[in-house]
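In: structure, please.
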Amino acid sequence: MDIKNELIGDIVAKDFRTAAIFKKNQIDFCCRGGRTIEDACADKNINPQAIYDEIENLNIKQDNTIDFNAFPLDLLADYVEKTHHRYVEEKTPILLTFLDKIRKVHGEHHPELFEVYELFEASSRDLAAHLKKEELILFPFIRKMVKAKISGEKLEQPHFGTVENPVNMMKEEHTVEGDRMRKIAELTNEFQPPADACNTYQVAFAMLQDFENDLHKHIHLENNILFPKSLQLEESFKI
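Out: Next up, the predicted model:
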């Protein structure tokens with residue numbers, strides 16, 4: 001898109017991911033979306049080129065042909081942490097702000113927004129704890145196993161007994177989050193905003209759908225690749 005001549009509201013309508021950029025720079029894309037980036041930046045004393053560059057970076061596509069099965073386990077753990085954990089940490093506060101705003105403005109006519117907010121708020125809180133358990137307990141042990149296997153060192157038994165214990169806990173928590181997002185999808189008509197939805201309303205729903213998609217990829221990489229291979233690796237030390 002020719003973002004230099006586009007109105008901010010139109011830019012966000014075409015690509016909801018840009019909303020996070022405007023939000024970060026305190027540029028109102030909703031009520032004052034009828035301005036160009038240059039005009040908005042002039043009011044904020046911001047270099048518009050910085051905004052243009054951030055939006056342009058969104059167009060860099062990820063390579064969907066990556067063979068995650070071929071990743072060493074420590075590299076896969078790093079990828080999940082730096083890609084999907086970081087995504088959750090960056091997007092949840094933005095989504096909570098948007099969902100809080102639309103429930104207050106539109107909740108009278110769309111009461112389901114209150115439950116959507118409550119569900120996502122619970123999800124954001126539980127996911128934050130979930131990610132820390134992976135980052136501080138499970139992933140470090142996976143890296144230790146890989147290092148021990150390469151070096152031939154003896155693997156010390158972790159305080160949690162076996163890797164199966166945290167893996168089972170993480171999988172149970174994945175199920176809880178999957179169920180929550182499924183309920184949110186039902187309440188939002190599969191993330192379809194109503195006819196009277198403002199820009200913030202539309203962006204919030206688009207971000208929720210993107211959040212669900214990322215969560216599905218996240219859980220797939222862990223449940224179907226990282227966790228089973230970690231269990232196999234730990235078992236190899238018993239031979």
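
In: surely residue 212 meets residue 188?
Out: No - if you go by Cβ atoms under 8 Å, residue 212 and residue 188 don't touch, sitting 10.2 Å apart. C-beta here means a position set from N, CA and C on the backbone, and glycine is covered the same way.

In: okay, now residue 236: neighbour count?
Out: Neighbourhood size, residue 236 [other Cβ atoms under 10 Å]: 11.

In: mind listing what residue 164 touches?
Out: 231, 234 (Cβ atoms under 8 Å, 6 or more residues apart in numbering).

In: can you check residue 133 too?
Out: Each residue near residue 133 by Cβ under 8 Å, 6+ apart is listed here: 166, 169, 170.

In: mind running it again at 7 Å?
Out: Applying Cβ atoms under 7 Å, 6 or more residues apart in numbering to residue 133 gives the contacts residue 166.

In: ok, the one 10 residues further on next?
Out: The neighbourhood of residue 143, defined by Cβ under 7 Å, 6+ apart, consists of 74, 77.

In: do you know the pLDDT at residue 63?
Out: The per-residue pLDDT reported for residue 63 equals 45.

In: hang on, I meant residue 239
Out: Reported pLDDT for residue 239: 61.

In: quick check: closest non-adjacent residue to residue 77.
Out: Closest residue to residue 77 apart from its sequence neighbours, by Cβ to Cβ, 6 or more residues apart in numbering: residue 139 at 4.5 Å.

In: quick check: mean pLDDT across whatever helix or strand that neighbour lives in?
Out: Using DSSP states H and E, residue 139 sits in helix 139-151. Averaged over helix 139-151, pLDDT sits at 95.

In: now do it: distance to the chain's middle.
Out: Between the centre of helix 139-151 and the centre of its chain there are 27 Å (Cα atoms, centre = their mean, to the nearest Å).

In: over to stretch 158-165?
Out: The answer for stretch 158-165 is 28 Å, by Cα atoms, centre = their mean.

In: buried residues in that stretch?
Out: 158, 163 (16 or more other Cβ atoms under 10 Å).

In: first-to-last residue distance for it?
Out: End-to-end distance of stretch 158-165 (Cα to Cα, to the nearest Å): 11 Å.

In: state the mean pLDDT of it.
Out: Stretch 158-165 shows a mean pLDDT of 93.

In: so where do the helices sit in the protein?
Out: 8-14, 18-24, 37-44, 48-57, 73-79, 86-106, 112-133, 139-151, 164-187, 199-221, 227-236 (DSSP state H).

In: and the angle from the last one to helix 164-187?
Out: When axes from the mean of the first three to the mean of the last three Cα atoms, to 10 degrees is applied, the directions of helix 227-236 and helix 164-187 differ by 170 degrees.
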